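Visitor: Build me a model:
(8 chains)
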Amino acid sequence: MDYLEVTDMHIILNGDRHDLAPGTSVKSLLDLLGLDARIVAVELNRKVVKRDLYATTPVPAEAEVEIVSFVGGG
Amino acid sequence: MDYLEVTDMHIILNGDRHDLAPGTSVKSLLDLLGLDARIVAVELNRKVVKRDLYATTPVPAEAEVEIVSFVGGG
Amino acid sequence: MDYLEVTDMHIILNGDRHDLAPGTSVKSLLDLLGLDARIVAVELNRKVVKRDLYATTPVPAEAEVEIVSFVGGG
Amino acid sequence: MDYLEVTDMHIILNGDRHDLAPGTSVKSLLDLLGLDARIVAVELNRKVVKRDLYATTPVPAEAEVEIVSFVGGG
Amino acid sequence: MIDALTIAGRTFTSRLVVGTGKYPSHEIMQAAHLAAGTEMVTVAVRRVDLSATGAASLLNWIDRSRIFLLPNTAGCYTADEAVRTAHLAREAGLSNWIKLEVIGDERTLFPDNEALLVATRELVREGFVVLPYTNDDPIACRKLEDAGAAAVMPLGAPIGSGLGIQNPNNLLIIKEQARVPVIVDAGVGTASDAAVAMELGADAVLMNTAIAGAADPVAMAGAMKHAVIAGRLAFGAGRIARKRYASASSPLEGLITR
Amino acid sequence: MIDALTIAGRTFTSRLVVGTGKYPSHEIMQAAHLAAGTEMVTVAVRRVDLSATGAASLLNWIDRSRIFLLPNTAGCYTADEAVRTAHLAREAGLSNWIKLEVIGDERTLFPDNEALLVATRELVREGFVVLPYTNDDPIACRKLEDAGAAAVMPLGAPIGSGLGIQNPNNLLIIKEQARVPVIVDAGVGTASDAAVAMELGADAVLMNTAIAGAADPVAMAGAMKHAVIAGRLAFGAGRIARKRYASASSPLEGLITR
Amino acid sequence: MIDALTIAGRTFTSRLVVGTGKYPSHEIMQAAHLAAGTEMVTVAVRRVDLSATGAASLLNWIDRSRIFLLPNTAGCYTADEAVRTAHLAREAGLSNWIKLEVIGDERTLFPDNEALLVATRELVREGFVVLPYTNDDPIACRKLEDAGAAAVMPLGAPIGSGLGIQNPNNLLIIKEQARVPVIVDAGVGTASDAAVAMELGADAVLMNTAIAGAADPVAMAGAMKHAVIAGRLAFGAGRIARKRYASASSPLEGLITR
Amino acid sequence: MIDALTIAGRTFTSRLVVGTGKYPSHEIMQAAHLAAGTEMVTVAVRRVDLSATGAASLLNWIDRSRIFLLPNTAGCYTADEAVRTAHLAREAGLSNWIKLEVIGDERTLFPDNEALLVATRELVREGFVVLPYTNDDPIACRKLEDAGAAAVMPLGAPIGSGLGIQNPNNLLIIKEQARVPVIVDAGVGTASDAAVAMELGADAVLMNTAIAGAADPVAMAGAMKHAVIAGRLAFGAGRIARKRYASASSPLEGLITR
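Guide: So this is what the prediction gives:
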């Protein structure tokens, strides 16, 4: 993910290892990824992050991050 | 059928024996019976009488007369 | 059917034209064909020939002859 | 159950209250009841008694005793 | 919503043919016909009751500007009876259409196909538009068609039985080979039965008891209207194949746990 | 036309719940939803595809002013996975409704009822409105209801199989004992299957593949709309009893030949 | 084990009639006949193949001391063809029994009942013992019986289709009204189909492809033998009524926990 | 005649397991067991009736040299009750086999699979040979097998209902995945039902009411014996494929008329 700055910190984002600048908030991460916060949900280390806490919740080092959205299903 | 004149002529009307004045036409028979010619059909001796011939078709003595109409069915 | 004698007389045997010596009986025809009379049935011109009449029934010229037997069926 | 001796000790046998002489063994109880030990099973206070321990197992006071056998079933 | 049906040159928007017998009242019948959206109803031919003067005619309860009358020959057990009844029906109804019944048995009301063929040939010769009630016999249906029937009307089950379509395979075969409309006549018990008939390819469904005998005939008439539309649409929509196992409807990829 | 359905205090006019998976295109899905008249559609929760920038969201094709979103936990094989997915779905969708699936087997996609009960109890405790997908086991349905499920969703046949209602008797029993809505989920293949489910008393039907996989999804969606209405009306109308023999629909008296 | 069957004065211990066509070999056919325990087999009448000198006759593989031959008129499409074939069969087989087939359609091999009635009447007049192959039409069966048929042989499903009994209700009705034996002919696919036919009251079952076409014809013949016995015994034993709910088979009293 | 069945190391020649409840008399039960050829019968565990002195024991009417006793836990509604009953049964019967029932509902007698799993795990741990009665849920069957069940016993329909196999597809799936014997337990009404179960691949069938409740239990027992053999043979024989159309069993060539 070359649009993320090179750094010493890593996360596991949707199953893949990525670099991330220390102190990045969930909101910043979504912005970096170009994702609309209104249509995704975010899990940090198996715990969902409430939407109104995105700006104030930092992504910790080595976090397992899941970002999901709705897709077609039955 | 007491509303038919007493006479020497008889017919079998819808399975029952009735008296009928000689020379009675189909139309007159229907009138006597109070039936609306537009919603019945008439058979004389197993042959249907066309509707526009009612007035000119006499009911012969001993005729088997069937007068039918539509009823509920499936 | 080369085992039948050449002759002026013809028959239609099981749908195909064949020569046959005049005067040949049904029994002789079966013998010529090498067929066991006990397990076949013979029709001459659409009429079945009784088994005990094979020896005395000649095959007429131009006859339509059907020789059948039992085969597997359901 | 008049064939049991009158005594101060009681048990609950197959759901009903009965008197029983203190110190009665399971085997003696079965004998008293006229039951064939080979075709029944006995539970004391919700625990099955092994068949070869019937003679040496006393029925304690206030015991819940279940004596069962096989009946027709599907 | 669904495609029109043409029988003998006459076009119908509705594919639901309804009877007029056995309703609790004429009022309920009329409301049921409206709820069914039907454009063709069957009627029977019977002797006028000479003792019942002034009885309101059935026809007063049928809006003939929107509903076509199809007289039947119910109750006839011979070809001759059926032909005579057809003649009377034509004169009474001023149309040459006839639902031809020649019954073989009082208990089952199954058709006597041998006599039915005789009557069909005669009435076709006389210029009738013949819609014969028959059973689910593909050979009988083909012979009726060859005899000039304007449609074939195989039963789904005995008249009034409500058993539903007993032999779907036969109906499929009848439809595959037919060049005239196939109307499933008799046997429907509830809405899904009518949908099944239409999904098998039937061009229309005819019923009487399923509606008239329901606890609420008007509601059932509405159910049948929707069922026939549903079945017709499904027939045209190309259903999915049947499979013994499952096939996920949600994606297999992108799971958070894999 | 038909009575409304209320689940957990929310009222729906339509009793047809539709999926959003496997359509040929978003446009066709949208048209099918419209034709189905649905007011609730299911969606799955999956990882955002980080490589597919700018992909139009599924949600752009769902008119949320008229259609309620029901997220599912499809693809989850343990209670824990399902609970985590439900948490994510709630945050993504801003509602606490969840179609709860805990799958026991990849080939049949049948539910693991033991784990499903565990997950239902947990999510009910957390305040979710839980609609569990289960099989046609009346005891499992009752236990799910006792655990607080807002509805029970027994399958009619394996997901995507199109086999139709395999065990009508079980569905009848489930409905008779249930005090929450019963939604038949999975197994419908064509319109008559949906009608059958409703005639058995189901409160609603949920389907995806039967519509999305049809040759003409929009036509099949229309068929399903009518089938669900037909089945609901027929359920309420009180069908005729089944009989082995015939019952004449035309009068037995007044025949010209008797 | 089961009661004997009498047709036209001839008594059979076995109620399973088997064909002789389409076996992998004569040896397998013979073994299958033995495993089936059959006492009557059908044979077809065909032109002798004049080019195939010395071909072993089918009859060498049938123990006629135990097995009665029933020739058929398979392949005949008119009454006249069938009558001619019956004449030939009588002369070839020295018996006046005939399984009468008049086929109406190559694809379904369904009977042409109109022509079948004509041929039946003619052959009965000539003294034949006529066993007509017909469809599951109760009226056709009654007319065949009235025409003098020694038994009626309604199909369960198309010949060779293996679909099983498609319309059990019709077979029940046919049996209830028949005064001659009813032999279900055609449509059986596996053992339970034969059992079902017998449980409906059929006096015998006739099959060919289900045995000859099985992967292991001899094993299937044994299966059919047992199935026919099972069905016959069950028919006589008076089965339990069907109930929607359970009925405990173990006592409700005497539980340790109540 | 058919291949033997082995459960937990014990081999049975017969694949028909029969109950001992609800017979008109002990004599008829004994005769029915003989006619069925059964080698395993189920018995229930109940409190000895202390008021009925000298009542002849059920066991006097079972030839234990030929028939293995399988005690059940019928009537138990919790895992704990079932485990206690199993303990008693083991002591009474001197074998560690148990037909494990944990019932979830009095009206349907359907299993409570959640509790059944708990009891199965416990009894397997204690060394029992556990044969759990369950429903036709493939996931439940697999979990029971994983828990150590020696066989799985899915129902075909509610106990004593006589409805026959309600969901053949589920039984097929259960059999395909099972590594222990599958015994269809409950629901059989007549012989063909048993044959169907065996044709689906079941290793055995267990029934009580279908025999004991028949008008003639001994005749029905004989029917069931043959039906199980028929179904087993047919399962192994490789049935013909189903086709919608006919396939002639007599040759198409050699007709006199072509």
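Visitor: pretty sure residue E:131 is in a strand, no?
Guide: Yes: counting by DSSP: H, G, I helix; E, B strand; the rest coil, residue E:131 is found in a strand.
Visitor: residue in chain E nearest to chain D?
Guide: residue E:244 (30.9 Å; CB to the nearest CB). For glycine as for every other residue, the C-beta is placed from the backbone atoms N, C-alpha and C.
Visitor: List the residues that contact that residue.
Guide: F:158, F:161, F:163, H:169, H:172, H:173 (CB atoms under 8 Å, 6 or more residues apart in numbering or on different chains).
Visitor: Kindly indicate which of these lies nearest residue E:182.
Guide: residue F:163 (26.0 Å; CB to CB).
Visitor: How about that closest one, nearest residue that isn't a chain neighbour?
Guide: residue F:157 (3.7 Å; CB to CB, 6 or more residues apart in numbering or on different chains).
Visitor: close enough to count as contact, that neighbour and residue F:166?
Guide: Yes: the pair residue F:157 / residue F:166 is scored as a contact, 4.8 Å apart, by CB atoms under 8 Å.
Visitor: what about the two, which has more around it?
Guide: Neighbours were counted for residue F:157 and for residue F:166 using other CB atoms under 10 Å in any protein chain shown; residue F:157 has more, 26 against 21.
Visitor: if I've got this straight, that one is in a helix?
Guide: No: secondary structure of residue F:157 (three-state DSSP): coil, not part of a helix.
Visitor: and it, what are its phi and psi?
Guide: phi -170, psi 170 (degrees, to the nearest 10).
Visitor: Now do the contacts for it.
Guide: When contacts are counted by CB under 8 Å, 6+ apart, residue F:157 touches F:163, F:164, F:165, F:166, F:186, F:187, F:188, F:189, H:169.
Visitor: And those residues, which two are furthest apart?
Guide: Top of the distance list for the contacts of residue F:157 (CB to CB): F:188 and H:169, 15.0 Å.
Visitor: Let me know the distance separating the residue most central in space within chain E from chain B.
Guide: With distances taken as CA atoms, centre = their mean, residue E:206 lies nearest the centre of chain E, 1.9 Å away. Look at residue E:206 and chain B: by CB to the nearest CB, to the nearest Å, they are 8 Å apart.
Visitor: do the same with residue E:72
Guide: On the measure of CB to the nearest CB, residue E:72 and chain B end up 6 Å apart.
Visitor: what's the closest non-adjacent residue to that residue?
Guide: residue E:99 (4.0 Å).
Visitor: Point me to the helix or strand that includes that neighbour.
Guide: Element membership for residue E:99, per DSSP states H and E: strand E:97-100.
Visitor: now the strands for the chain?
Guide: Answering for chain A, as no chain was given. Here chain A has its strands, by DSSP state E, at A:10-13, A:16-19, A:40-44, A:47-48, A:64-72.
Visitor: actually chain E
Guide: In chain E, the strands defined using DSSP E lie at E:5-7, E:10-12, E:16-18, E:40-47, E:68-71, E:97-100, E:129-134, E:153-154, E:183-185, E:204-207.
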